[in-house]
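>>> no sequence on this one, just coordinates:
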């Protein structure tokens, strides 16, 4: 059974950093594209970043480019999202997912990130 569990969120001051983790189980991590998404209250869920399993190529939304970095550890079956220079606009619930999960609208619990002084 494919399962993804997010962790690492919290309250951080503007300019601070957090590292989110996405723990995968039930599938081989390096054969999938894994994406990070976020949803702020009253807003639609948006894609933040993704990493391709086959060649580690990455994508970033313009709003996080240069501040966020996605990476993965296949042996530990983890995908990370390092977030630096956090802004209040980054406040949202963050989710990781596969393309299939997105297509099926199957989402985990996510992890809350709050950027506030």
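Received it, and whenever you're ready, just let me know what you need. Just so we're clear, the structure is a prediction, and the values are computed from it rather than from any experiment.
>>> quick check: closest non-adjacent residue to residue 7.
Distance criterion CB to CB, 6 or more residues apart in numbering; nearest residue to residue 7, sequence neighbours excluded, is residue 21 at 5.1 Å. Quick note: C-beta positions are derived from backbone N, CA and C, even for glycine.
>>> so what's that neighbour bridging to?
Counting by DSSP bridges, residue 21 forms beta bridges with residue 7, residue 80.
>>> please renumber so the chain begins at 17
Got it, first residue is 17 now, which makes that one residue 37.
>>> give me the pLDDT value at it.
We have a pLDDT of 98 for residue 37.
>>> again, but for residue 82
Residue 82 is given a pLDDT of 97.
>>> now do it against residue 65, distance only.
Distance from residue 82 to residue 65, counting by CB to CB, to the nearest Å: 12 Å.
>>> of the two, which one has the most company?
Higher neighbour count among residue 82 and residue 65: residue 65, with 24 against 9, using other CB atoms under 10 Å.
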